[in-house]
Structure formats: C-alpha cells, structure tokens
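Chemist: Sequence and predicted structure, then a few things I'm wondering about:
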Amino acid sequence: VQLVESGGGSVRAGGSLRLSCAASGNTDTQRYMAWFRQAPGKEREGVANIHRASGVTRYADFAKGRFTISQDNATKNTVYLQMNSLKPEDTAMYYCAAGTRCTWEPRWYNYWGQGTQVTVS
C-alpha cells in the first residue's frame, strides 16, 4: 500500500486548506484511513479517521467542528481532510495513514504517507 498526501501549504489564521491522500496497492485489508499530525517537538497525534466501508468518522476534540474527513466513495482510495478556521496551533506536518483498527495510536497503522506541511500564521 502506498499513500501520497497533497494539499498542504501556508495560510493565515481563519483560512482553509483541503488535504488529499491517494492510496494505491492492496488497500482492501486496511479498514481505516486516518489523518495524523506532528508539530516540531511534539508527539504524533490523531486528527480524524474514517471507516472505509461504512464511512463512519471520528475526530479528535480539537478537530471537531472545524475539520471534516471524507473519502471518494466510488473507490474509497482517496481520503480528504477539509480544514476550516485554521489556527496557528494547527501548524504541523500532516500524515495520512491506513490501518485495521479504529484508534489514535500510531503504532496500529500499517502504512503511512510522507506527510504534507501545513503552516498557519
């Protein structure tokens, strides 16, 4: 499984960004797709995840009401993260991940993208 993120960039506080993650390879066994982020000097933290088959979503508290995770329902191989009302504290490298559990623990995700930088000033 290969994951490729795109859509990061620099925005002012209050702005929006939409991240994309394209998955390829044998994705059938990966029941969950998730977005994580990691700021310098901080641990990687979960942002949102989606159950690929049902579309059920889950969000970290800081993401609720501002971020939306979605997927391409035709193939379920592209996942998006719409981020609105961005704050400087959202600045981080954002990673896409694929795994078999609904968890915020990074160790349970088997595949990771290279990350895309989001900077909010």
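Modeler: Nice, I can see it.

Chemist: CA only for contacts and neighbour counts going forward, please
Modeler: OK.

Chemist: Tell me the spacing between the spatially most central residue of the chain and N84.
Modeler: What sits nearest the mean C-alpha location of the chain, by Cα atoms, centre = their mean, is W35, with 2.0 Å. The gap separating W35 from N84 is 15 Å, by Cα to Cα, to the nearest Å.

Chemist: Just the pLDDT at the residue nearest to the centre of the chain, thanks.
Modeler: At W35, the model reports a pLDDT of 98.

Chemist: all strands of the protein, in order?
Modeler: Remark: strands assigned in the chain by DSSP state E are 2-6, 9-11, 17-24, 32-38, 45-51, 57-59, 67-71, 78-83, 92-99, 109-112, 116-120.

Chemist: and the closest residue in space to F62 that isn't next to it in sequence, how many neighbours?
Modeler: Counting by Cα to Cα, 6 or more residues apart in numbering, F62 lies nearest to V47, which is 7.9 Å off, once chain neighbours are set aside. Neighbour count of V47, defined by other Cα atoms under 10 Å: 24.

Chemist: if I pick V47, what's in contact with it?
Modeler: Residues near V47 by Cα atoms under 8 Å, 6 or more residues apart in numbering: 34-37, 59-60, 62-63.

Chemist: Adding distance to R107, write these out as a markdown table.
Modeler: Output for the contacts of V47, formatted as a markdown table (distance: Cα to Cα, whole Å):
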| residue | distance to R107 |
| --- | --- |
| A34 | 13 |
| W35 | 14 |
| F36 | 12 |
| R37 | 14 |
| Y59 | 18 |
| A60 | 17 |
| F62 | 21 |
| A63 | 21 |
